[in-house]
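Peer 1: pasting the sequence and the predicted model now:
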Amino acid sequence: MTEGQNARKEEGKPKKRKEQKPYGGKDLGLRFKDKGRDLKETVAYKNGEWMPKSQVTIELGDRGFYLGDAVFDLFRTFDGRPFRIKDHIDRFFRSAQFARLDPGFTPDELTALTLECVERNEQLRSEFGDWSVWFSVTRGLAGWRTLDAKPTFVVYAGEVPFYTFADQYADGASAVITRSRNHTHQSLDPKVKHTSRMHLNLSDLEARDVDPTAWPIMLDMEGNIAEGSGSNVFVVSGSSIKTPSDATILRGVTRDVVIELSDQLGIPLSEEAIQPYDVYTADEVFFTSTPFSVLPVTSVDRREIGDGRPGPIATRLLAAFSELAGIDIVDQAQRYKDARSDN
């Protein structure tokens, strides 16, 4: 067969479709085949590349993996809209500065990157309600005492874990004051949002030893109430709110929002030392945290708080938070409490 005949034969064949690169441009998520089934998967970012979240790997020798040498932060969206993103990013950079970690981005660049993460995953949001957008920097791949490695940086969107708290808005959560204490600024300042969180994990386990559904409340080294394992603590006596000062806690962004809302609603609030006595004898107790905003607590150490039902001040604050966020927070949690991702 001549060269011309070969050419004509090739022209008669159907052309192969050009393979599309999955994350070029502004693709907003893809379906991936996994053992014969469709798997919807979110898009994540690592060190300059967008990829399926399941393909993001951390090397065994990364100091963030084997030493917890990393800082992070996260914000959530409400109806797809990022909430208080600047406050979370500012806190992230303070944590990184304290830990002498260089994320490799300016605050404006990181803002743009996290917003891109929200955009790329928008088409999957209807299945999960909203996103928790995480961003973290580790010191990178390096030996035990090597501190000059290239940092590892990741951004990803995960579902808000509605299933962990959705039903507790109506009846209130239970809590346990645990044996594990919070860090002090004399060791590792709790204002830093780092990944060395074993004390928080232990407090979770200790709370569940008492009550499998309970959330932990940790004390500081002086025996005062500090914080939860990812939440701030508030108590209500009469018509006034008290919350621990930020000396021995992570100053939560949601905590700051609730302080602002209290002022707007004319509810007196003070930041001061709180003892377990103040919790046991309070009219109300509630937590604040990014995923659930405001969560009433109706039992601590199996002791009923107030009349054993969510109180009026927590209820008012949650309603005000919903108005600020532009979404019914409780209703959304109920609608999406059964939503889970595959990755």
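Peer 2: Arrived safely, thanks for sending. Numbering: from 1, shown residues only.

Peer 1: name the nearest residue to the most centrally placed residue in the chain, sequence neighbours excluded.
Peer 2: Centroid-nearest residue in the chain, with Cα atoms, centre = their mean: L74, separated by 4.7 Å. Among residues not flanking L74 along the chain, W134 sits closest, at 4.5 Å (Cβ to Cβ, 6 or more residues apart in numbering). For glycine as for every other residue, the C-beta is placed from the backbone atoms N, C-alpha and C.

Peer 1: okay, the one you found: pLDDT?
Peer 2: On the pLDDT scale, W134 is placed at 98.

Peer 1: that one should be in a strand, yeah?
Peer 2: Yes - assigned with DSSP: H, G, I helix; E, B strand; the rest coil, W134 falls within a strand.

Peer 1: so how far is S187 from it?
Peer 2: 25 Å (Cβ to Cβ, to the nearest Å).

Peer 1: would you confirm that T152 contacts G61?
Peer 2: No - judged on Cβ atoms under 8 Å, T152 makes no contact with G61 at a distance of 10.7 Å.

Peer 1: ok, those two, which is more surrounded?
Peer 2: T152 (20 against 14; other Cβ atoms under 10 Å).

Peer 1: so what sits opposite that one in the bridge?
Peer 2: Bridge pairing for T152 (DSSP bridges) gives the partners T138.

Peer 1: got a list of what it touches?
Peer 2: K46, N47, I58, E59, D62, G64, V137, T138, G140, L141 (Cβ atoms under 8 Å, 6 or more residues apart in numbering).

Peer 1: if you set the cut-off to 7 Å instead, what comes out?
Peer 2: N47, I58, D62, G64, V137, T138, G140 (Cβ atoms under 7 Å, 6 or more residues apart in numbering).

Peer 1: is it true that the last one touches R63?
Peer 2: Yes - taking Cβ atoms under 7 Å as the contact criterion, G140 and R63 are neighbours in contact, 6.4 Å apart.

Peer 1: common neighbours of the two, please.
Peer 2: By Cβ under 7 Å, 6+ apart, the residues touching both G140 and R63 are A149.

Peer 1: how many residues are close by D220?
Peer 2: So D220, with other Cβ under 10 Å, has 19 neighbours.

Peer 1: what is the least confident helix or strand in this structure?
Peer 2: None of the helices or strands of the chain scores lower by mean pLDDT, DSSP states H and E than strand 30-34, at a mean of 39.

Peer 1: how would you label G64: helix, strand or coil?
Peer 2: Going by three-state DSSP: G64 is helix.

Peer 1: flag every buried residue along stretch 313-330.
Peer 2: 313-315, 317-322, 324-325, 327, 329-330 (16 or more other Cβ atoms under 10 Å).

Peer 1: can you tell me which two in the residues you listed are farthest apart?
Peer 2: I313 and I327 (21.2 Å; Cβ to Cβ).

Peer 1: may I have the phi/psi pair for the closest residue to H183 other than its chain neighbours?
Peer 2: Take H183 and drop its neighbours on the chain: the residue closest to it by Cβ to Cβ, 6+ apart is P190, 5.0 Å away. Backbone dihedrals for P190, given as degrees, to the nearest 10, come out at phi -70, psi -10.

Peer 1: and P190, how many neighbours?
Peer 2: P190, neighbours per other Cβ under 10 Å, totals 22.

Peer 1: which ones are touching it?
Peer 2: N182, H183, T248, I249, L250.

Peer 1: from those residues, which shows the smallest pLDDT?
Peer 2: Lowest confidence among these: H183, with 88.

Peer 1: could you report the distance from that residue to V192?
Peer 2: Counting by Cβ to Cβ, the gap from H183 to V192 is 9 Å.

Peer 1: and if you look at R251?
Peer 2: For R251, the distance to V192 - Cβ to Cβ - is 11 Å.

Peer 1: for W50, same thing?
Peer 2: 28 Å.

Peer 1: surely the residue nearest to the centre of the chain touches W131?
Peer 2: No - when contacts are counted by Cβ under 7 Å, L74 is not listed as touching W131 (9.5 Å).

Peer 1: rewinding a little: show me the buried residues of stretch 313-330 that map onto helices.
Peer 2: 313-315, 317-322, 324-325, 329-330 (DSSP state H).
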